[in-house]
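Student: Just need the structure, nothing else, for what follows:
(2 chains)
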Amino acid sequence: MAFLELDRIGKRFGSTRVLEDVTAGVVEGETLVLLGPSGSGKTTLLRIIAGFETPENGSVRVGDEDVTNLAPAKRNFGMVFQHYALFPHQTVAENVAFGLAAQGVDRAKIATRVEELLDLVELGELGARAIHEISGGQQQRVALARALAPGPRLLLLDEPLSNLDPTLRERTRRQLRELLGRVGMTAVWVTHEQQEAFDVGDRIALLDGGHLQQLGTAEDLYQRPATPFVADFVGQASWLPGVGEADGSVSVAAGVRWRATAADELGEGPVEVLLRPEDCRLKEPGEGRLPARVTARRFAGFATYVELVTDDGRTLTVAAEDGAPEVGARTGVEPIPGRPSPRSFAAAMTEPRRCSGADAGSPSRSPHS
Amino acid sequence: MLGRGRWLAVAIAALLIWLVGYPLLITFAEALGLPAALDLSAFRQFVEREDEWLALWHSLWISAASVLLAAAIGVPLGFLFSRHQFPGRRLLGSLVVLPVALPPLVGVIAFLFLYGESGLLTRGVQQILGLEQAPWRLNGAGAILLVHAYSMYVFFYLFTRAALARFDASVLEASASLGAGRWRTLTRVTLPLLLPALVGAALLTFMTALGSFSAPYLYGGGFRVLPTQIVASKLNGQLEMARVETVMLATLAFLGLWLVRRLDRDRQVAGGGVRGVAPSRRQLRGRGARAAAGLAGWALALFLLLPHLTLVLVSFVPPATWTTQYLPPVLDGSNYRSLMMETERLRPVFNSLWMALVATAVALVLGATAARLALRLRGRLGKLLELLLAVPWAIPGTVFAVALALTFSVRELWIGRFVLVGTVWILPLAYVVRSLPVTGRSALAGLRQFDERLEDAAQSLGASRSYTWRKVTLPLLKPALLAGAALAFITALGDFVTSIVLYTYDTRPVSVEILSSLRLQDTGVAAVYGVFLMVISATIFLLWGRQESV
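Tutor: Numbers count the residues shown, from 1 in each chain, chains lettered A, B, ... in the order given. This is a model prediction of the structure:
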């Protein structure tokens, strides 16, 4: 049984539905990432867990205890805020001590605990500093120490790295993950960055438009995306129109039939086929290969991304590990056997977000653009 | 939770309406002869009487002239202090804004002691030139304008400095790189960019001058402006006429308030632009230039401080010792002693202190609560609360005094009218109304800067609401609230405008006592009272009030 259970959570602001029937659980000791584009409802969900918002329907439970309507102050959840929300009129140490002092813990105990935590986040000697006297990275660690000080049973992190510059972000991410593991903290971590989610999440809940799209490990989301949205949001995706055949294969062009995994129970009929750049290779045009022409090449170190356009005008991207053809050359695309893609989705599912040829396959597409 | 907040908001709004809106409404209605019957005869009388027209005309042109004079002093001063570095700049910078913090009446009597017919400077000039009579008389429009210019330039000074601080230096560099000389840059770039701030300062000055009472009352003589005309009508028992005059003045003030708010809105829309780096301060080059600037600065400071120094000097002159000499022949502390020994003379001091304290406390709580609700609720109720906080700022004190006097001298409990006039409570009540915009505005400013996520953070750490309020919200709002309270206290302590209309003998405040001491030729004692107001106001202002000095 999960440590924290979210059961059919629904929330609306005015007439906009921000969350609809979200059900998820957090297992003791794991970090669950709430991932999604802005407006997906992830922050609202976190605020509902924290108690700053009350859901219209559904419940939040910790074990047997229903905390849906419990005041934030009584939940014993720690929270690291997006802009840290450090108290500007207090020193670093006073910030860390705040939670314990609010609960009336005696001074000697507070002092020991503050010292312990400042050591934990490697800020031992900065306790007497004012908040504005320390760097952004240090502020982030103070926010973490402050949240951990009262010994919360769950830690909530709202985009904890978004205020750091890119180089610092990656290092802090690793440190933070390592630290959470060391203290055995159960955590819910909100982010809009796929890479961050993959790095820190034991499991990831991908939200879009207030709906839970998929809950699973990074591998689940990347290799077995449940919806085209997941496939698009997590990693690069090219899309080809196809037709499902009786034997389970898909035909993507006249005379080109590929074996494909399937996101749904698909019968015969039109499908959209997902192709990851690293799951296929380029050969001379021929049997079972999708003919295409090279439009651009981008060298990326371990491989060269080759952008192609098919005869019917679809674009796709292939990561060529050795010997990419010249721009303008004709080539044939062939899936590498045993890879997760090609993966077929019922065509109807992709309808609302039918990615126009130009857009869908473009590897430069970032989920948060 | 929201339900409780809304009820509190409705209650506070009702209280504010009763305090701020209701007396004005009653005055307007009664001026029109309501509720009995619509009767415009009082207005007809106003239109037919020449002295009324004259007072209205005087009010308008004095205010306009005050704007010009204040701008002529304040804008160059703002440039000087923003753009140039010279010895003593910081200290002078604090002194320069002081006139706005001192009670107007103190300035008026200080001017009287310096430039008045038997003032220090006047005697000096008379002596030097060997004249039979004083070389000038401090009365009429000129005297009023002198005092106005002296205190109101601060608005232009502060607005200019604020606008220049927001100025993007690259704009000036761009102008220079396009070949424009300094004069061209000033007239084509700097001044147009400064215009919104200058218009703002002009409106503020105009409205302050429109409501100014102390200077016209003491120097005006036969030269009446609307505020003094109103008080005269009221004292002569011409209540109908007083009502109509009040309505006229209030209408002008509302017009001004409407303009100010419109301007603020436009500025908020236009103001979201790019923020650059302010031009750096130019260190004046050459010893000569620096010495000249320093000298000019200190001469200016002396000029600004001279009236108040004179006030201090006069407070040490024993009664009936300074007759025809240029300088007072005897100086001692007898005025101070007599004030300390005689309870009747000490009484106004206590009165002013306790009434100002009570009014400040009430205005602080009411203003802060209303401000918080106004921001929380937004919507129409929020807007109404904000407007109610702003109204007493725009409405001249005289208007409020007369409105309160007319509204609360009748006992009609079922429509919320009590007899408060003649009781201890009418003055503190009037002070509360006058202080509300000050405490409300600074609370609004403080709350707008306050990050509500800090309260979330405190609660997520297990802090109760009261603990959060005590340890997070209050400490962070304290500077803003303190500044508001300081200015409110200064306003109430030195109030003359409303006091002269509403005081009773037992609750007479210091300002009223200054006036009666002057009438009794007790100049030394009047000066002591003035010094008392000046010292307390200046101290409080310099300690806590400067956060929000516009």
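
Student: Where does the prediction get shaky in the chain?
Tutor: I went with chain A, as the question did not name one. Within chain A, the set of residues satisfying pLDDT under 70 comprises A:1, A:265-267, A:348-369.

Student: Wait, chain B was what I had in mind.
Tutor: Applying pLDDT under 70 to chain B flags the ranges B:1-6, B:35-38, B:267-286, B:378, B:546-550.

Student: Please parse it into its domains.
Tutor: Using automatic domain parsing, the domain parsing of chain B gives B:56-275+B:289-315, B:342-550.

Student: Any idea which of those domains gets closest to chain A?
Tutor: domain B:342-550 (3.4 Å; Cβ to the nearest Cβ). For every residue, glycine as well, the C-beta is placed using N, CA and C.

Student: and that closest one, how far from the chain's centre?
Tutor: Between the centre of domain B:342-550 and the centre of its chain there are 12 Å (Cα atoms, centre = their mean, to the nearest Å).

Student: which residue sits farthest out from the middle of chain B?
Tutor: B:G462 (44.5 Å; Cα atoms, centre = their mean).

Student: For the nearest residue to A:V256 once chain neighbours are set aside, give its distance to chain B.
Tutor: Closest residue in space to A:V256, ignoring its immediate chain neighbours: A:L290 at 5.1 Å, by Cβ to Cβ, 6 or more residues apart in numbering or on different chains. For A:L290, the distance to chain B (Cβ to the nearest Cβ, to the nearest Å) stands at 50 Å.

Student: just A:S344 next, same as before
Tutor: A:S344 is 45 Å from chain B, where distance means Cβ to the nearest Cβ.

Student: surely that residue meets A:G244?
Tutor: Yes - assessed by Cβ atoms under 8 Å, A:S344 is found in contact with A:G244 at 6.4 Å.

Student: The two - which one has more neighbours?
Tutor: A:S344 (26 against 21; other Cβ atoms under 10 Å in any protein chain shown).

Student: can you map out the strands along chain B?
Tutor: Applying DSSP state E to chain B gives strands spanning B:84-85, B:282-283, B:409-412, B:417-419.

Student: What is the burial count for the nearest residue to A:I134 once chain neighbours are set aside?
Tutor: Using Cβ to Cβ, 6+ apart and skipping the chain neighbours, the partner closest in space to A:I134 is A:L126 (6.0 Å). Neighbourhood size, A:L126 [other Cβ under 10 Å]: 18.

Student: and if you look at the one 3 residues further on?
Tutor: The criterion is other Cβ under 10 Å. On that basis, A:R129 has 15 neighbouring residues.

Student: Wait, the residue farthest from the centre of chain B touches A:P150, no?
Tutor: Yes - between B:G462 and A:P150 there is a contact at 5.7 Å, judged by Cβ under 8 Å.

Student: Please verify my assumption that A:G99 contacts A:A143.
Tutor: No - A:G99 is beyond contact range of A:A143, at 12.0 Å (criterion: Cβ under 8 Å).

Student: can you pull the contacts of the nearest residue to B:L377 once chain neighbours are set aside?
Tutor: Closest residue to B:L377 apart from its sequence neighbours, by Cβ to Cβ, 6+ apart: B:A9 at 5.6 Å. By Cβ atoms under 8 Å, 6 or more residues apart in numbering or on different chains, the contact set of B:A9 is B:373, B:376-377, B:381-382, B:385.
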